[in-house]
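1. Everything below, folded, please.
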Amino acid sequence: MAEQTGLGEMLERPIAHLSRGYRQRVGIADALLGAPPLVVLDEPTVGLDPNQVLEIRAMLKSLGGGQTLIFSSHILAEVEALCDRVVVLAQGRCVADESVAEALRASEVLVRWDGPPGRAAEVLALAGAGGPQVEGPVADGAGSRARVRCADAGEAEALAAALGRASLQVGVPPVQLEIGRRSLEERFYRLTSGESDGLKDMSEGRGEA
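-> Down below sits the predicted model:
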C-alpha cells in the first residue's frame with residue numbers, strides 16, 4: 001500500500017517530519033489497508049499546495065476500479081476530474097444523484113450550418129424550434145448559427161435529433177450540432193438555489209466556471 005500511495009521512500013521517516021501532502025497520503029494508505037470495499041474520504045486535498053493537489057488527485061485516480069471511493073468536496077473541478085458519479089446534498093436532502101456526464105449536460109442545443117440564415121430558419125421551423133428560447137439564426141462567416149434553450153437535457157437531445165433530420169430535409173448541412181456543456185459549479189448552483197435548470201448565459205455552448 002505504501003508503494004501504491006507513493007510512500008515507498010518515506011517509510012523510515014517519522015510522520016511529524018513529512019509534508020502535509022505526504023501526511024495526507026499516510027492517512028489514505030491507512031484507510032486502504034485491508035482492502036475495504038468502500039473508502040470514504042473527506043476533503044482529501046484541503047490545505048495542500050497546487051503540486052500536492054495534483055499528486056493526490058493522480059494517486060486517487062490510479063486507485064479507482066479496485067475499490068469504491070467516496071469523497072466529499074466543495075472543489076467541483078476535483079469532482080469532475082476524479083468521479084464517475086456525483087451526489088449533491090442541500091439542507092440535508094439529496095437533490096441530485098447522477099453520473100458526472102449527466103451533470104455536465106446543459107439544456108441547450110448549439111447548431112451551425114453551411115448555409116445562409118434564411119435557410120437555417122427553415123430548418124428551425126421544420127424541427128419545431130421557435131419562440132423566445134431560440135437565439136438566431138444569425139450569419140456566421142459563410143454560414144449561420146443558432147442556439148436553442150430547452151426545458152431539460154432530455155428535450156435538448158430530442159431537439160438535436162430533430163434539427164439533424166430537418167437539416168437533411170432542407171438540404172442545409174450542419175457543420176456543428178451539439179448539446180451544450182456546463183460546469184459542475186453551475187449545476188450545483190441551480191440545484192441548491194432553487195432556480196430552473198434552463199440556462200441563462202451561454203458562451204459557445206460551454207458553461208463557464
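
2. From now on I want contacts and neighbour counts done on CA atoms only, so please keep to that.
-> Fine.

3. quick one: contacts for the one residue sitting closest to the centre of the chain?
-> Nearest to the mean C-alpha position of the chain, by CA atoms, centre = their mean, lies residue 104 at 3.6 Å. Applying CA atoms under 8 Å, 6 or more residues apart in numbering to residue 104 gives the contacts 181-184, 187.

4. for the chain, longest helix please?
-> Counting residues, the longest helix found in the chain (DSSP state H) is helix 153-170.

5. So which elements touch the following helix or strand past that helix?
-> Toward the C-terminal end, the helix or strand that comes next after helix 153-170 (DSSP states H and E) is strand 174-181. Contacting strand 174-181 under the criterion 3 or more CA pairs under 8 Å, 6 or more residues apart in numbering; DSSP states H and E are the following elements: strand 105-113, helix 153-170.

6. Can you say which of the ones you listed is packed in most?
-> Ranked by mean neighbour count, these are led by strand 105-113 with a mean of 24 (mean count of other CA atoms under 10 Å).

7. by contact count, what packs against the strand or helix carrying residue 71?
-> Under the criterion of DSSP H and E, residue 71 resides in strand 68-72. In terms of contacts (3+ CA pairs under 8 Å, 6+ apart), strand 68-72 is packed against strand 38-42.

8. Hey, what's the angle from the following helix or strand past the strand it packs on to strand 68-72? Just curious.
-> Next along the chain after strand 38-42, taking DSSP H and E as the criterion, comes helix 50-63. Counting by axes from the mean of the first three to the mean of the last three CA atoms, to 10 degrees, helix 50-63 lies at 150 degrees to strand 68-72.

9. now helix 50-63: mean pLDDT?
-> Looking at helix 50-63 alone, the average pLDDT works out to 83.

10. What helices and strands are in contact with it?
-> For helix 50-63, the packing partners by 3+ CA pairs under 8 Å, 6+ apart are helix 20-32, helix 76-82.

11. could you redo those as CSV and give each row mean neighbour count, mean pLDDT and distance to residue 192?
-> Shown next, in CSV, are these (neighbours: other CA atoms under 10 Å; pLDDT from 0 to 100; distance: least, CA to CA, whole Å):
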stretch, mean neighbour count, mean pLDDT, distance to residue 192
helix 20-32, 18, 88, 30
helix 76-82, 16, 85, 14
